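[1] what's the 3D shape of this:
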Amino acid sequence: MTRNDNAHDDSTSGAELPKFSVNVVPTGQLGHEELATILNLYRRGQIAPLIFGDNNKPEAAIIPFAAFVRLMKYDHAAHVHAEADFQAELSHRIQESDASGEAGTTIEELAESLGPLGRRWADDHRAAQQKKTHE
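    Sure, this is the predicted structure:
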């Protein structure tokens, strides 16, 4: 079966994918023969993923290990870059706030204004503060 739309996780921001087709192997039909065939293709240098799921909906993919490692490195680099941008913006805003002499904004509120990464940071910071209080 071929699926012609991108049924990927839309929660990943900035993850625009070009339109492409995949052949979805129903989960119940995925067996030793399919796995052996795809492994032999990978050993010969091919990289086409084995996509499987049910009701013609892609739910998982088997990819060569080298491709997996590349994806992990890419994700890690993107996270490090996003964290560095977040820290730089946070530092800039703190300096501006210090220079203006305005009071009333907590570090957590400032972080939360920076989006999802900031909200996670603020939650982690609050949890660490609570842990210190209870120790």
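[2] quick one: mean pLDDT for the helix or strand where Lys131 lies?
    For Lys131, the host element (DSSP states H and E) is helix 116-134. The pLDDT scores in helix 116-134 average 87.
[3] and that helix, what's buried?
    Leu117, Gly118, Trp121, Ala122 (16 or more other Cβ atoms under 10 Å). Bear in mind the C-beta positions are built from the backbone N, C-alpha and C, glycine included.
[4] show me what the longest helix that the chain contains is packed against.
    Across the chain, the helix with the greatest residue count (assigned by DSSP state H) is helix 65-100. Contacts defined by 3 or more Cβ pairs under 8 Å, 6 or more residues apart in numbering; DSSP states H and E place helix 65-100 against helix 107-112, helix 116-134.
[5] that one vs helix 116-134, what angle?
    With axes from the mean of the first three to the mean of the last three Cα atoms, to 10 degrees as the basis, helix 65-100 and helix 116-134 are set at 70 degrees to each other.
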